[in-house]
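*Asks:* Generate a structure from the sequence data that follows.
(2 chains)
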Amino acid sequence: MRIKSHPILGDIPKRKLVKIEVDGRTIEAFEGEPIAAALLAAGIKVFRRTVKRREPRGLFCTIGQCTDCMMTVNGMPNVRTCITPVEEGMEISTQIGRGERS
Amino acid sequence: MDAEVAVVGAGPAGLSASIEAARLGAKIVLIDENGKPGGQLFKQIHKFFGSMEHLAGLRGYDIGNKLWQRAMELKINVMLNTTVFGIFGDKTLGLLTTMGSEILRAQRIILATGGSENTIAFPGWTLPGVMGAGAAQTLINVHRVLPGKRILMVGSGNVGLIVSYQLLQAGAEVVALVEAAPKIGGYRVHAAKIQRAGVPIMVSHTVKRAHGRDYVEAATIVRVDDDLKMIPGTEKTFDVDTICLAVGLTPLSELAWMSGCKFIFVPTLGGHVPIHNEDLETTVEGIYVAGDIAGIEEASIAMEEGRLAGIAAAESLGYAREEATKLKKEIKERVQQLRRGPFGEDRYLAKQRIMKVAPR
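*Replies:* Residues are numbered from 1 along each chain as shown, chains lettered A, B, ... in the order given. Here you go, the predicted structure:
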């Protein structure tokens, strides 16, 4: 959920809206925001599944340190979505295990 | 590439160190792995405490902007999106930039790498929806997205208290704040603010498990006894979609370990801390630390330590010999003021312990 107005920070800054694709579904995102922020705003919480037991993982540190939020972005696995900016037309998919380069 | 002083980390400590050293004439290269400078300052939307010199009354992001502006005025060479992956013999730094790798030879190094959030493990803690309190703070204050609607906060230090309040400001509901210790850890004023807003602070309670299949749907908390053992039969379960962990920070000290710095274990300051003297110089001559890597404290102290390290490094290179002594004395007095009171005193004593074993 987006925080549209805020008592200290005011209204949400105007940014360019773009479309990205997540597991085949198109969602709107702000250009330049971290992929993870756009996904959370769209209600998506599971970003990847673990190597052995396919357990769900999502956002944990949000500053690029823990690597829990890695997904496959434009065919490249292991992308830290919390520090990777959104670009128009990005194709993002839930990473299963170590993921595969395509 | 060469630098007189390489500063690693462009948060409050690293920026302050670079500004002081540059102002005295040293040639700086300031490196940060993030795309933006400021470290964690830009997610701090509350007003800082302290005196005028500590920029009290300003919000974290205002301080971040001020420091950045000053660094730009001084034309400091800043490398963003650049990770220092190693420090080799004789102060050679390995850098990973967006273009590839590079070598930086420095005469002095200031490590201002900050800290990382601690976690606690409990059944269900790996579910999406369990996150660091700092992570939630970044989401709401920098990216303007709520991590969830109903939140359980774990830990009543200042991070837990402040982030709880900021989650309320952002429009979330903080269902409860649990604290395993028998009393609140952070400042009373921060605790009172969230209590007035109706958030129950439950001391001698901890999180027992997170429930949910693919993400957090509920959390069970439990009362603990004086030995922090869970008391069976005292469990309560809340519907929450997010569990925030505010259970302290640990100095990010890998580069200091790699450089051969000697360490000391100081629980009050977050664990293993590189031994350093009053000028923040470590046991390796010419390598300094400042901010959370030198012991977890607060941004106001990180800035003062940064200034001290910056001045000391510049001084050792032959800059501003007369001025340095006076400047350092003033800063040391201000740092002492910041470490007063029931919270500051423990950290003051812990720092004294480190100085005792440090090289002169």
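
*Asks:* make it CA atoms for all contacts and neighbour counts henceforth
*Replies:* OK.

*Asks:* Please enumerate the helices of the chain.
*Replies:* I'll assume chain A. Here chain A has its helices, by DSSP state H, at A:35-41.

*Asks:* look at chain B instead
*Replies:* Counting by DSSP H, chain B has helices at residues B:12-23, B:60-73, B:133-141, B:158-169, B:188-196, B:254-258, B:299-316, B:321-338, B:341-357.

*Asks:* mind giving me JSON lines with these and columns for mean neighbour count?
*Replies:* JSON lines is the format used below for the helices of chain B (neighbours: other CA atoms under 10 Å in any protein chain shown):
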{"stretch": "helix B:12-23", "mean neighbour count": "29"}
{"stretch": "helix B:60-73", "mean neighbour count": "18"}
{"stretch": "helix B:133-141", "mean neighbour count": "26"}
{"stretch": "helix B:158-169", "mean neighbour count": "24"}
{"stretch": "helix B:188-196", "mean neighbour count": "15"}
{"stretch": "helix B:254-258", "mean neighbour count": "17"}
{"stretch": "helix B:299-316", "mean neighbour count": "27"}
{"stretch": "helix B:321-338", "mean neighbour count": "14"}
{"stretch": "helix B:341-357", "mean neighbour count": "15"}
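
*Asks:* Quick check: which of those helices is nearest to A:Arg101?
*Replies:* The closest of the helices of chain B to A:Arg101 is helix B:133-141. By CA to CA, the value is 28.6 Å.

*Asks:* quick one: that closest one near chain A?
*Replies:* Yes - contact of helix B:133-141 with chain A (CA under 8 Å from any CA of the partner chain) involves B:134-136, B:138-141.

*Asks:* just stretch B:56-69 next, same as before
*Replies:* No - using CA under 8 Å from any CA, stretch B:56-69 stays clear of chain A, coming no nearer than 10.0 Å.

*Asks:* Same question for stretch B:75-85.
*Replies:* No - contact of stretch B:75-85 with chain A (CA under 8 Å from any CA) is absent, the minimum separation being 10.5 Å.

*Asks:* Could you work out the end-to-end span of that stretch for me?
*Replies:* 25 Å (CA to CA, to the nearest Å).

*Asks:* any idea of the mean pLDDT in that stretch?
*Replies:* The average pLDDT within stretch B:75-85 is 97.

*Asks:* residues in contact with it?
*Replies:* Residues outside stretch B:75-85 that contact it (CA atoms under 8 Å, 6 or more residues apart in numbering or on different chains): B:8, B:18-19, B:22, B:27-37, B:93-98.

*Asks:* same thing with stretch B:23-31?
*Replies:* The contact list for stretch B:23-31, computed with CA under 8 Å, 6+ apart, reads B:3-10, B:14-15, B:18, B:21-22, B:74, B:76-80, B:82-84, B:311, B:314, B:317, B:319-320.

*Asks:* related to what we said a few turns ago, and the helices of chain B as TSV, adding distance to A:Ile27?
*Replies:* Output for these, formatted as TSV (distance: least, CA to CA, whole Å):
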stretch	distance to A:Ile27
helix B:12-23	36
helix B:60-73	30
helix B:133-141	19
helix B:158-169	25
helix B:188-196	35
helix B:254-258	39
helix B:299-316	38
helix B:321-338	48
helix B:341-357	47
